[in-house]
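>>> Make a model of this:
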Amino acid sequence: PINFTSTQTQAIYTDYRVPFVTYGFLVNQKFDYSNYLGLTAGVRSDYSSTFGAGSKPFTFPHADLYLLPSQMDWWKGKLQDVVPFFKLRAAYGEAGIQPGPFDRYPVLNQQPIGSNVTYAFSNPTRNPNLNVEVSKETEFGTDFTINTGSNSSWLKSINASFTYWKRSSENVIYSIAVPLSTGASGILDNAIDMSSHGTQFSLNMPIFSSKNLTWDFTTNYGTQVSMIDAISGGATIPLTSAAGSTNVVLVAGKPIGQIYAYPVVRSLDQKRTDGTAYFTDAMKASGRYVVVKDPVYGGNVVVDTLTKGAMIGSEQLPLGDPSPKFNMSFINNITYKDFINLNFQFDWINGSHLYNQTKEWMYRDGIHHDYDNPVTIDGQTAAYTAFYRSMYAGGAANGTKNYFYEDASFVRLRNVSIGVDLAKIAKMKAFSRFQLVLSGRNLVTFTPYSGMDPEVNYSTNSAFDRGLDHNTIPNTKQYTIGLNVGF
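Predicted structure coming up:
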């Protein structure tokens, strides 16, 4: 075939159109009983021409319920004095994500071969039987206020909120491998079922309140665990990431973002998962392989005294869930005499991990400052280039190694600002407000992570591709000066 734009004149012989059709209906009803009980429920039913061949409309119900025991008669009295507000709530809902407009129709892509232009089916192949992705979410929670009974200016009340949630996604559309004899390496399919659950807790306390000074404190706590529940055909799905060679794999029954890596051998007695030993008795007795202290991360590493290279295992093992075990924020707001205001927030992310591929590739090129650290091997101490190079090239060159999988927990001063209203200090009659504000963001970070920023992730557009630092641009420190003027 020839390129259409290379012709002298162009004209459309026929215009073939396939209309996109969608329709549905929504029914919603709200019920309230007195001032302490309420229920909202409804159903939505949708049909779209992008649904799979022969598909019927999909129906999605939802409901939420609340109960306010603190509004009931039996709550009144001493209990109400201590807990003036108490609410229980629950909700359930379903929603759908329909296939893309061309996910069900064959699509030809134009591509060059030599000086000619050819047309080929898109890869992955489209699937006429795609169905809707269905998400379901359930949550339970409570909100309450406690009066401390304090007669002083300190901590007169506590406001809290707690939520447990569980979410599942079924028939998630993703490309799965097919035999090359089909003309493509993959096909779009409703391939994945996955789920997540977590908790959210919030605590707000007026720490101090007087005529001249107020101090409010809020802390938020959250957890989340995300899992791959099932994959069509029971296969694993390697993710093709632009982040170099990092081996991220979707495995049924494992956390999302599971990274597989070759292990650094730490002991002469270390064994593979099948029980076979890395070193025979004869190899141990030869004296060629010795255990040395790792000058970078600490711990032991087995080294070949002839090559000075670290020994890397021959099988890839899962590194675990890179997502944090929990995250917290601590927010403070302090005001003095209505003209000085101080706000600051600390964030704490605990148990997160990053695969530091930036560092791995700097090891590859011999440009990382770790190369300057001396290593003691068989009684001789030197900055052995082979030791660090082997962390990249050992086992499988450019292969993922657990050596570069790091703890990325951190505490960060997220925001801080101070505002001073000069109109009140200098008694500027022409202004109702003349506030000078100095603020900063990401000013201080405490972390064991050796990279530039423990909060980065290479892929920002993928729900699966997590825990990768591959020359990723770090968060920036920001300083701001502002002026708020009112007349």
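
>>> In the protein, which strand is the longest?
strand 186-209 (DSSP state E).

>>> Let me know the secondary structure of L130.
The three-state label given to L130 by DSSP: H, G, I helix; E, B strand; the rest coil is coil.

>>> Residues in contact with stretch 477-487: which ones?
419, 423, 430-443 (C-beta atoms under 8 Å, 6 or more residues apart in numbering). C-betas here are computed from N, CA, C, even on glycine.

>>> So which of those residues belong to helices?
Here DSSP state H is the test, and these give A423 as lying in helices.

>>> Sheet partners, orientation included, of the strand or helix carrying I173?
Here I173 sits within strand 157-177, counting by DSSP states H and E. Paired neighbours of strand 157-177 in the sheet (DSSP bridges): strand 133-147 (antiparallel), strand 186-209 (antiparallel).

>>> Could I get the average pLDDT for the shortest one?
The predicted model gives strand 133-147 an average pLDDT of 96.

>>> What are the contacting residues of that strand?
58, 60, 81-98, 156-173, 190.

>>> If we use 6 Å, what do you get?
82-97, 157-173 (C-beta atoms under 6 Å, 6 or more residues apart in numbering).

>>> For this structure, give me the ranges with low pLDDT.
Residues of the chain meeting the criterion pLDDT under 70: 1-8, 10, 16, 18, 52-54, 240-246, 458-465.

>>> quick one, helices of it?
Counting by DSSP H, the helices of the chain are 78-82, 281-286, 357-365, 385-393, 422-425.

>>> Roughly how far does A277 sit from S209?
Plainly put, A277 is 67 Å away from S209 if you go by C-beta to C-beta, to the nearest Å.

>>> Which of those two has more residues huddled nearby?
S209 (16 against 13; other C-beta atoms under 10 Å).

>>> and that one, what does it touch?
S209 neighbours (C-beta under 6 Å, 6+ apart): S153.

>>> Distance-wise, check it relative to T335.
In terms of C-beta to C-beta, S209 sits 10 Å off from T335.

>>> cool, L250 as well?
Using C-beta to C-beta, one gets 50 Å for the distance from L250 to T335.

>>> who has more neighbours, those two?
Neighbours per residue, other C-beta under 10 Å: of L250 and T335, the larger number sits with L250, 22 against 17.

>>> that older thread, can I get the strands paired with strand 157-177 in JSON lines with distance to Y388?
Listed next are the strands paired with strand 157-177 as JSON lines, based on distance: least, C-beta to C-beta, whole Å:
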{"stretch": "strand 133-147", "distance to Y388": "45"}
{"stretch": "strand 186-209", "distance to Y388": "38"}
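
>>> ok, and the closest non-adjacent residue to K359?
Excluding the flanking residues, the one nearest K359 by C-beta to C-beta, 6 or more residues apart in numbering is F404, at 5.7 Å.

>>> Give the full set of residues in contact with the one you found.
F404 neighbours (C-beta under 6 Å, 6+ apart): Y355, N356, K359, E360.

>>> and if we set it to 10 Å?
246, 261, 264, 297, 354-361, 363, 391-392, 450-451, 469 (C-beta atoms under 10 Å, 6 or more residues apart in numbering).

>>> One more: V178?
If you count contacts by C-beta under 10 Å, 6+ apart, then V178 has P124, T125, A184, S185, G186, I187, D189 around it.

>>> swap the cut-off to 6 Å and go again
I187.

>>> swap in S202?
Contacts of S202 (C-beta under 6 Å, 6+ apart): S161, N220.

>>> one more time with 8 Å, if that's ok
By C-beta under 8 Å, 6+ apart, S202 lies in contact with A160, S161, F162, T218, T219, N220, Y221.

>>> ditto for S48
Shown in contact with S48 (C-beta under 8 Å, 6+ apart): F20, V21, T22, Q98.

>>> and it, bridged to which residues?
Where S48 sits in a bridge, its partners, by DSSP bridges, are T22.

>>> Any idea what F140 is bridged to?
Going by DSSP bridges, F140 forms beta bridges with A90, Y164.

>>> Quick one: neighbours of it, just the number.
15.

>>> Distance of it relative to A63?
According to C-beta to C-beta, F140 and A63 sit 13 Å apart.

>>> Please report how far A91 lies from F25.
22 Å.

>>> More neighbours: which of the two?
Taking other C-beta under 10 Å, A91 and F25 do not tie; A91 has more neighbours (17 against 11).

>>> Assess the claim that that one and L65 are in contact.
Yes: with contact defined as C-beta atoms under 8 Å, A91 counts as touching L65 (7.4 Å).

>>> residues in contact with V411?
Taking C-beta under 8 Å, 6+ apart, one finds F346, D347, W348, T445, F446, T447 in contact with V411.

>>> For N131, list the residues it contacts.
F51, G52, S55, P99, N171, N190 are the contacts of N131 under C-beta under 8 Å, 6+ apart.

>>> Let me have those residues in CSV, extended by distance to D378.
Below are those laid out as CSV (distance: C-beta to C-beta, whole Å):
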residue, distance to D378
F51, 68
G52, 65
S55, 69
P99, 62
N171, 58
N190, 57
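
>>> from those residues, which would you call buried?
Buried residues within the contacts of N131, counting neighbours by 16 or more other C-beta atoms under 10 Å: F51, G52, P99, N171, N190.

>>> could you dump the residues you listed to a markdown table with distance to T199?
Formatted as a markdown table, the buried ones among the contacts of N131 follow (distance: C-beta to C-beta, whole Å):
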| residue | distance to T199 |
| --- | --- |
| F51 | 35 |
| G52 | 36 |
| P99 | 33 |
| N171 | 27 |
| N190 | 30 |
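
>>> Of those residues, which is the nearest to A177?
Proximity to A177 was ranked across the buried ones among the contacts of N131 by C-beta to C-beta; first place goes to N190, at 15.2 Å.

>>> So for that closest one, what's the nearest residue that isn't a sequence neighbour?
Take N190 and drop its neighbours on the chain: the residue closest to it by C-beta to C-beta, 6+ apart is N171, 3.6 Å away.
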